[in-house]
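Student: Show me the folded form of this:
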Amino acid sequence: MAATAIIAMATATAQDKVPYAPQSLDEAVNTPYIKDNKSRNAIANYQTQQAHILSEDRNLNVLLTRNQEVIIITIPADQLFEINSSRLTRDGERMLKPYASLLRTPDYYRMALAMYHDNNGSPSYCKKVTDERLQSVYDWFVLNANEEHVSAFSFGSADPVKPNNSIRNRRMNRRLEIYLIPGNMMIEQAKKNLLR
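Tutor: Just a heads-up that it's a prediction; the model follows:
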């Protein structure tokens, strides 16, 4: 099942190259492609360090993908929302705050948000809750960070990480995944040996 890109917010001026508006999560995660090995290695080392810091600070599931260049943070939805609600809690806002600060330097990071649900309820209900929760998270980033390089994708009950056969497994399937993707500014710094 393909994700619905409910939001692909991008603004562009005449001086911008191409607005950031990926059509799929795969496109978001794989763009921009880093051509030279030296820059790719520098970014992989930097992202590995950042992933380690993020996993210590928040005690969350933090992984690396795309040859260690992209960080994935998984936050259980019940740490962001009340049951059956799409309104971010104050604790949920605090969970997101560290990631907003990563977007303050334009195009240093690009962020993709992917929201998932369990299969408890009708497919239309699961999709509605997922869409509304994703919109809430996206709106929060619009208010608290540079959202120009943020895209968002709603998956509903597709792509569960566990079978939906227990309370614990359903909890794991209701989640937000935050992808931290190197932007053009990070790539330029890698080329100049400025990543630390």
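
Student: Quick check: Ala100 touching Leu143?
Tutor: No: the pair Ala100 and Leu143 fails to qualify as a contact (Cβ atoms under 8 Å) at a distance of 9.1 Å. Quick note: C-beta positions are derived from backbone N, CA and C, even for glycine.

Student: quick one, which of the two is more surrounded?
Tutor: Legend: neighbour count by other Cβ atoms under 10 Å for Ala100 and Leu143, higher for Ala100 (18 against 9).

Student: lowest average confidence, helix or strand, in the chain?
Tutor: strand 4-8 (a mean of 47; mean pLDDT, DSSP states H and E).

Student: can you give me the helices in this structure?
Tutor: 25-29, 37-58, 90-101, 123-144, 167-173, 184-191 (DSSP state H).

Student: To Asn67, which of these lies closest?
Tutor: Smallest distance to Asn67 across those (Cβ to Cβ): 6.1 Å, for helix 37-58.

Student: count of neighbours near Asn193?
Tutor: 10.

Student: Skipping adjacent residues, who's closest to it in space?
Tutor: Leaving aside its chain neighbours, Asn193 sits nearest to Ala42 (7.1 Å; criterion: Cβ to Cβ, 6 or more residues apart in numbering).

Student: Let me know whether the one you found touches Arg196 as I believe.
Tutor: No: applying Cβ under 8 Å, one finds Ala42 not in contact with Arg196, separated by 10.0 Å.

Student: Output the helices of the chain in CSV; the columns should cover distance to Leu80 and mean pLDDT.
Tutor: Listed next are those as CSV, based on distance: least, Cβ to Cβ, whole Å; pLDDT from 0 to 100:
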stretch, distance to Leu80, mean pLDDT
helix 25-29, 19, 96
helix 37-58, 12, 92
helix 90-101, 4, 94
helix 123-144, 7, 95
helix 167-173, 12, 95
helix 184-191, 27, 96
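
Student: May I see those helices organised as TSV, with distance to Glu82 added?
Tutor: Listed next are the helices of the chain as TSV, based on distance: least, Cβ to Cβ, whole Å:
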stretch	distance to Glu82
helix 25-29	26
helix 37-58	20
helix 90-101	9
helix 123-144	11
helix 167-173	14
helix 184-191	36
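
Student: between these, which gets nearest to His117?
Tutor: Judging those by Cβ to Cβ, what sits closest to His117 is helix 123-144, at 4.5 Å.

Student: That closest one: how far from the chain's middle?
Tutor: Here helix 123-144 shows a centroid-to-chain-centroid distance of 13 Å under the convention Cα atoms, centre = their mean, to the nearest Å.
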